[in-house]
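Undergrad: here's a sequence, model it:
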Amino acid sequence: MTTAIWHGKEIARSDRTQEVDGYIYFPRDSVHMDLLKVTPKTENDLKCPHGVQFYDVVDGAKASKRAAWSYEAPQARMKPVDHWIGFWEDVVIR
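TA: Reported below is the predicted structural model:
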């Protein structure tokens, strides 16, 4: 079982995660999506060939900017994680 922990709080848990390019992706149904807030796309985001969408991780007054993402229109190489959620920054994967 793999978990994503943010400031001591479990925000995702799954036994079906996938690793691509060194990042662990969680199926969307295993993520507490209520803790993720869609961020506006930057110019660089719009250049991404996989249609990246970043999310802030937010719980009350705590927030981590752009600490999660998903590929909304992935090309072949990223198709296995289509709409799955990846984490970085201060989210710990165990």
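
Undergrad: please state the offset of stretch 27-43 from the chain centre?
TA: With Cα atoms, centre = their mean, to the nearest Å as the basis, stretch 27-43 stands 6 Å off its chain's centre.

Undergrad: residues in contact with that stretch?
TA: With contact meaning Cβ atoms under 8 Å, 6 or more residues apart in numbering, stretch 27-43 is reached by 4, 6, 9-14, 16-17, 52-59, 65-66, 68, 70, 83-85. Any C-beta I mention is one placed from the backbone N, CA and C, and that applies to glycine too.

Undergrad: give me that answer again for 6 Å
TA: Stretch 27-43 has contacts (Cβ atoms under 6 Å, 6 or more residues apart in numbering) with 11-14, 16, 54-59, 66, 68, 83-85.

Undergrad: straight-line length of that stretch, end to end?
TA: Length of stretch 27-43, first residue to last, Cα to Cα, to the nearest Å: 27 Å.

Undergrad: what about the contacts of stretch 27-43, which are in strands?
TA: Residues of the contacts of stretch 27-43 located in strands (DSSP state E): 11-14, 54-59, 66, 68, 85.

Undergrad: give me the below-cutoff pLDDT ranges for the protein.
TA: Regions of the chain meeting the criterion pLDDT under 70 are absent.
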